[in-house]
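Participant: sequence unknown, structure follows:
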């Protein structure tokens, strides 16, 4: 089968690899339909690693996908051939202490699609996943929407972990697909005001068009002063979705005493630093967000119900043999890209 594999830094080649087959009774063979290009894929593409996870070439990335069921193992009951599914990319063991605590996202034996040393990704024609990772759409959403449910689920999980109340005010620093997913999830939960920032003017404009109360570029204005002028007491929640030190600092300045800092973005460096005096005096709660624990089905339901209209995120579409062009576009923030999709 054809696959798009990383073969070096900023290199993608279309190569033939063996088609996977069903080995376990609860395995499902999936024919990939749509794959979303994620920021973590671009980390691997441009740097060859995320933290301790280092690519060994060639390697297939990709974890945001929808698929059609091709075949099922003997004991599979939830899906059947022909069903369209959202693929939950995290495979948990369900037996370790973390899983038993309901924290499958921090499973000690977790394996994740498109992660070096774990599972090859979905930028290929077929993959095999456990039955529990195949969430049927039941015809309620499109295959493109299904592929968007994975990143949207991270926004849903972020807002769930923030435990916000109706009428809360939120700042989201970083207006890429994850920041926009947080925005959409926050709107559904009834926040009163959403302040968004980004260093790219086109993303600032995009957020204004799609629901932000206010949006600004920290390279062109003092976003802390401007937001605090509108919210003198500070915001209740700040979601850091850029993985940068400066956005962490801005978030802490924007939060009211007792506010919550949600660390969502993946940094390209080893350590964040925090102003000890400020976070202590403000009694800031810092919450790390690790993917989308138990929220993918919720994301599907929100899209199917019409409460979450997420296809506005898609700005570009590519074919499998155009994967390198898709990666370059996203890596270099060209042509107003928000979310690029690879269609099979």
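Facilitator: Yep, that arrived. The model shown is predicted, which means the values in this text are computed figures rather than measured ones. Residues are numbered from 1 along each chain as shown.

Participant: strand partners (parallel or antiparallel) of the helix or strand bottoming out on mean pLDDT in the chain?
Facilitator: Ranking every helix and strand in the chain by mean pLDDT, DSSP states H and E puts strand 49-50 at the bottom, with a mean of 90. Strand pairing for strand 49-50, using DSSP bridges, gives strand 53-54 (antiparallel).

Participant: from the chain's centre, how far out does the partner strand sit?
Facilitator: Here the centre of strand 53-54 is set off from its chain's centre by 19 Å, with CA atoms, centre = their mean, to the nearest Å.

Participant: circling back to that earlier point, let me see the residues that make contact with the least confident helix or strand of the chain.
Facilitator: With contacts defined as CB atoms under 8 Å, 6 or more residues apart in numbering, strand 49-50 is touched by 40, 43, 44, 55, 116, 266. Quick note: C-beta positions are derived from backbone N, CA and C, even for glycine.

Participant: and the first one, how many neighbours does it have?
Facilitator: By other CB atoms under 10 Å, 18 other residues sit near residue 40.

Participant: any idea of the mean pLDDT in the host helix or strand of it?
Facilitator: Assigned by DSSP states H and E, residue 40 falls within helix 39-47. Averaged across helix 39-47, the pLDDT comes to 94.

Participant: I'd like the contacts of strand 49-50 as JSON lines, with distance to residue 220 appended.
Facilitator: Formatted as JSON lines, those follow (distance: CB to CB, whole Å):
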{"residue": "40", "distance to residue 220": "28"}
{"residue": "43", "distance to residue 220": "27"}
{"residue": "44", "distance to residue 220": "31"}
{"residue": "55", "distance to residue 220": "36"}
{"residue": "116", "distance to residue 220": "38"}
{"residue": "266", "distance to residue 220": "25"}
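
Participant: pull up the gap between residue 316 and residue 94, please.
Facilitator: Distance, residue 316 to residue 94, by CB to CB, to the nearest Å: 37 Å.

Participant: tell me which of those two has more neighbours.
Facilitator: Neighbour count, other CB under 10 Å: between residue 316 and residue 94, residue 316 has more, with 19 against 12.

Participant: counting by contacts, list what the lengthiest helix in the chain packs against.
Facilitator: Looking across the chain with DSSP state H, the single longest helix is helix 143-162. Applying 3 or more CB pairs under 8 Å, 6 or more residues apart in numbering; DSSP states H and E, one finds that helix 143-162 makes contact with strand 27-36, strand 64-72, strand 84-87, helix 177-188, strand 235-240, strand 255-263, helix 296-305, strand 339-343.
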